[in-house]
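Undergrad: just to be clear, the model below is a prediction. Sequence and coordinates:
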Amino acid sequence: MTRNRVFGAFAAFCTLAIGGAGMGDEHGHEHKAPVASPEWDKLKALVGNWEGTAEMNGKPMPTRTSFKLISGGSVLMNTLAEGTPHEMVTMFHMDKKDLIATHYCAAQNQPRFKGTAGKEPNQVVFDFTDGTNIAPGEGHMQRLVVTMVDGDHHYEDWTFRDHGKDTTNRFDFHRAREASNDKVEHTK
């Protein structure tokens, strides 16, 4: 009997979630567009799949990342090393006029950053503001610099601070080429 109740509750939830997906407009709720900023626009251009290398202890390691706009286009979700034990997610969004990022780290903490324009016009810099599950002096991401080389190439410099010592690792990404679904014709 309990199993049927759980299934029934799940089915009701799914029905409401799917059926209610468009309810905002039907009931007169306004959806405000996120406040625009040049830095936010630069990040949104990263939507898609990327592959490349990460410099880890002086050695290049292959890695992948992806960017996806979610929540009505108000949040950019970045997934790094998807499907691996080191998978991490960073959520970027506007908070009124400020560009904010929260990084859900494999170190099992969640540093938050405020984004600003970089020294170069093609950079966005995120500096640590605070976080959760971070004790004083404990290791956490301190800074992220995203540099857009062009529409198909960017790199990310992630700085980890542990007991006052900073270590920066570069992730160099190129836009992934999507696999072709073209059928090959064979002649007999």
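TA: Ah, there it is.

Undergrad: quick check: which ranges of this structure have low pLDDT?
TA: Across the chain, the ranges flagged by pLDDT under 70 are 1-35, 179-188.

Undergrad: check contacts around the spatially most central residue of it.
TA: For the chain, the residue nearest the mean C-alpha position is Asn78 (1.7 Å; CA atoms, centre = their mean). By CB atoms under 8 Å, 6 or more residues apart in numbering, the contact set of Asn78 is Leu46, Thr65, Ser66, Phe67, Val89, Thr90, Met91, Phe92. To be clear about C-beta, it is placed using only N, CA and C from the backbone, and glycine gets the same treatment.

Undergrad: got the residues you listed as JSON lines, with secondary structure, neighbour count and distance to Glu39 columns?
TA: Compiled in JSON lines, the contacts of Asn78 are given as follows (DSSP: H, G, I helix; E, B strand; the rest coil; neighbours: other CB atoms under 10 Å; distance: CB to CB, whole Å):
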{"residue": "Leu46", "secondary structure": "coil", "neighbour count": "23", "distance to Glu39": "12"}
{"residue": "Thr65", "secondary structure": "strand", "neighbour count": "23", "distance to Glu39": "18"}
{"residue": "Ser66", "secondary structure": "strand", "neighbour count": "16", "distance to Glu39": "20"}
{"residue": "Phe67", "secondary structure": "strand", "neighbour count": "20", "distance to Glu39": "14"}
{"residue": "Val89", "secondary structure": "strand", "neighbour count": "14", "distance to Glu39": "20"}
{"residue": "Thr90", "secondary structure": "strand", "neighbour count": "23", "distance to Glu39": "14"}
{"residue": "Met91", "secondary structure": "strand", "neighbour count": "17", "distance to Glu39": "15"}
{"residue": "Phe92", "secondary structure": "strand", "neighbour count": "26", "distance to Glu39": "9"}
